[in-house]
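Enquirer: this one's structure only:
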């Protein structure tokens, strides 16, 4: 079996992992910078490429020489105008008002049914609609995203994988191509977008890139998929459990299914993975980004915040003495689909301490995710992934609040999703994993708290 390099380009970092025979030989990461310009949220294309190069060069030279397959996971919903450095992210809010008006039309339901992408400012469809209505970027002849950026850099081909394409809001799930109806509505021509290929397709790497990085002479590039679908697939492939939860910067509850499943009223997402599977689910804007905010704004010492979380949970009480936190600091996708909604503390009194505030942030975040679990994967065991679950006390609290058994394993990540997608290896019966089950007494208390927490 070949030495494999998986690269996951997320919202906050680029993660790299070298895998051989299901063993992680090397891993590293480099941080990405997101820029804000009023409602715009974007990263710079040149910085992404520079940091990607930096990450690859962190891999030992001798190991780089052995890599014969490389593949990419990228964040969904990115959009880049040609000849621009700006890669607009899912968190971009420019299209908020535009998509709010569009969502009231009959076309909104029709387009959701065609694509499986919720009608929300996160999607490239919403961004393109906003640019059209505000007459911005009208001279642009080509539109792309993160996946097209990195694949063109390494292969010279202008292509996108079917999983990332299916999260744009203008991909026809049934016909497996760009939707002529939606593109016509946006005044976009198909040749302005990348060629769509399947997620396991391989391409030759450009000779100059092979020499530049010191890869194996015949290295191939597998196009890969999106980070969300790959996290779900990694969990499914490794554990055979269809339900998964990821808490990263944002959060999502997902199910692996064999047919496209759409709920027009609830607007679950439904994205293509490969010829066998789709991934359905519900995303939240507000995951561990709330903890980062808490560390910066509420903690006494931000550098010690995460190491002191277990002690904080131990010394505070369930429900944070009646304090509630609405976790909508980034607006919200599911279950509200409203980027204008705002968060805040409720029932705050002079008796509440800094520690109470911090506990309520964690509880509010998890109780919100609990609603997504009830929507997508009720009464199921969850395969969980994301840095949040690396802290045992947080993982245990999540299991209790969600009312679900949680299984964590290092392989429940997009990089392993890429590996499984391409190689389809046989999984050994015994694999290291950590299991968390709800605390029965505390679960009863949280069940009562959840009933009217978001009243």
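Expert: That came through, no problem. Everything quoted here is computed from the prediction, not taken from an experiment. Residues are numbered from 1 along each chain as shown.
Enquirer: domain map for this protein?
Expert: 3-227, 289-451 (automatic domain parsing).
Enquirer: between those, which gets nearest to residue 264?
Expert: Closest of the domains of the chain to residue 264 is domain 3-227, at 5.3 Å (criterion: CB to CB). The C-beta positions use only the backbone N, C-alpha and C, and glycine is treated the same way.
Enquirer: just give the closest residue to residue 77, not the sequence neighbours.
Expert: residue 90 (3.7 Å; CB to CB, 6 or more residues apart in numbering).
Enquirer: show me what contacts the one you found?
Expert: 11, 75-78, 122, 250 (CB atoms under 8 Å, 6 or more residues apart in numbering).
Enquirer: related to what we said a few turns ago, can I get the domains of the chain in JSON lines with distance to residue 258 and mean pLDDT?
Expert: JSON lines is the format used below for the domains of the chain (distance: least, CB to CB, whole Å; pLDDT from 0 to 100):
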{"stretch": "domain 3-227", "distance to residue 258": "14", "mean pLDDT": "97"}
{"stretch": "domain 289-451", "distance to residue 258": "16", "mean pLDDT": "95"}
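Enquirer: among these, which is nearest residue 239?
Expert: Across those, closest to residue 239 is domain 289-451 (CB to CB), at 5.0 Å.
Enquirer: span of that closest one from start to end?
Expert: From its first residue to its last, domain 289-451 covers 25 Å (CA to CA, to the nearest Å).
Enquirer: same question for stretch 34-43.
Expert: Stretch 34-43 end-to-end distance (CA to CA) = 5 Å.
Enquirer: can you read off the pLDDT for the residue most central in space within the chain?
Expert: The centre of the chain sits closest to residue 228, judged by CA atoms, centre = their mean, with a distance of 4.6 Å. We note a pLDDT of 95 for residue 228 in this prediction.
Enquirer: identify the residues contacting the residue nearest to residue 9 when sequence neighbours are not counted.
Expert: Once flanking residues are discounted, residue 9 sits nearest to residue 74: 4.7 Å by CB to CB, 6+ apart. Contacts here follow CB under 8 Å, 6+ apart; on that basis residue 74 touches 8-9, 145-147, 150, 164, 224, 226-227.
Enquirer: distance of residue 74 relative to residue 87?
Expert: 10 Å (CB to CB, to the nearest Å).
Enquirer: name the residues contacting each of those two.
Expert: 145-146.
Enquirer: is it true that residue 21 touches residue 1?
Expert: Yes. Using CB atoms under 8 Å, residue 21 is in contact with residue 1, at 5.5 Å.
Enquirer: give me the common contacts of the two.
Expert: residue 425.
Enquirer: related to what we said a few turns ago, then the residue nearest to residue 77 would be within a strand, right?
Expert: No. Counting by DSSP: H, G, I helix; E, B strand; the rest coil, residue 90 falls outside a strand, being coil.
Enquirer: so where do the helices sit in the stretch 151-300 of the chain?
Expert: 162-165, 180-186, 207-213, 227-239, 289-297 (DSSP state H, counting those that start in this stretch).
Enquirer: list the contacts for residue 199?
Expert: 161-163, 223-225, 272-274, 421.
Enquirer: beta partners for residue 384?
Expert: Note on residue 384: beta-bridge partners by DSSP bridges are residue 245, residue 408.
Enquirer: begin at 39, not 1, for the rest of this chat.
Expert: Got it, first residue is 39 now, which makes that one residue 422.
Enquirer: wait, it sits on residue 281?
Expert: No. With contact defined as CB under 8 Å, residue 422 does not count as touching residue 281 (9.9 Å).
Enquirer: the more surrounded of the two?
Expert: residue 422 (27 against 24; other CB atoms under 10 Å).
Enquirer: please enumerate the helices of the stretch 339-488 of the chain.
Expert: Going by DSSP H, counting those that start in this stretch, the stretch 339-488 of the chain shows helices at 343-353, 392-414, 430-440, 452-461, 478-489.
Enquirer: possible to save the ones you listed as a markdown table with mean neighbour count and distance to residue 168?
Expert: A markdown table is the format used below for the helices of the stretch 339-488 of the chain (neighbours: other CB atoms under 10 Å; distance: least, CB to CB, whole Å):
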| stretch | mean neighbour count | distance to residue 168 |
| --- | --- | --- |
| helix 343-353 | 15 | 36 |
| helix 392-414 | 22 | 27 |
| helix 430-440 | 22 | 35 |
| helix 452-461 | 26 | 29 |
| helix 478-489 | 14 | 36 |
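Enquirer: closest one to residue 252 among those helices?
Expert: Using CB to CB, the nearest of these to residue 252 is helix 452-461, at 20.7 Å.
Enquirer: could you check the angle the closest one makes with helix 265-277?
Expert: Relative orientation of helix 452-461 and helix 265-277, computed by axes from the mean of the first three to the mean of the last three CA atoms, to 10 degrees: 70 degrees.
Enquirer: packing partners of helix 452-461?
Expert: Helix 452-461 sits against strand 41-47, strand 51-58, strand 105-112, strand 258-264, helix 265-277, with contacts defined as 3 or more CB pairs under 8 Å, 6 or more residues apart in numbering; DSSP states H and E.
Enquirer: who's in contact with the fourth one?
Expert: Spelled out, that is strand 258-264. Contacts of strand 258-264 (CB under 8 Å, 6+ apart): 106-114, 185, 189, 192-193, 197-202, 205, 235-243, 268, 271, 309, 311-312, 455-456, 459-460.
Enquirer: quick check: bridge partners of the residue nearest to residue 47?
Expert: According to DSSP bridges, beta-bridge pairing links residue 112 with residue 47, residue 264.
Enquirer: with residue 81 instead?
Expert: Residues in beta-bridge contact with residue 81 (DSSP bridges): residue 125.
Enquirer: next one: the host helix or strand of residue 74 to chain centre, how far?
Expert: Using DSSP states H and E, residue 74 sits in strand 73-75. With CA atoms, centre = their mean, to the nearest Å as the basis, strand 73-75 stands 20 Å off its chain's centre.
Enquirer: about what we covered before: most neighbours among the contacts of residue 237, which one?
Expert: Highest count within those by other CB under 10 Å belongs to residue 263, 34 neighbours.
Enquirer: picking that back up, highest neighbour count among the contacts of residue 112?
Expert: That'd be residue 202 among the contacts of residue 112, by other CB under 10 Å, with 33 neighbours.
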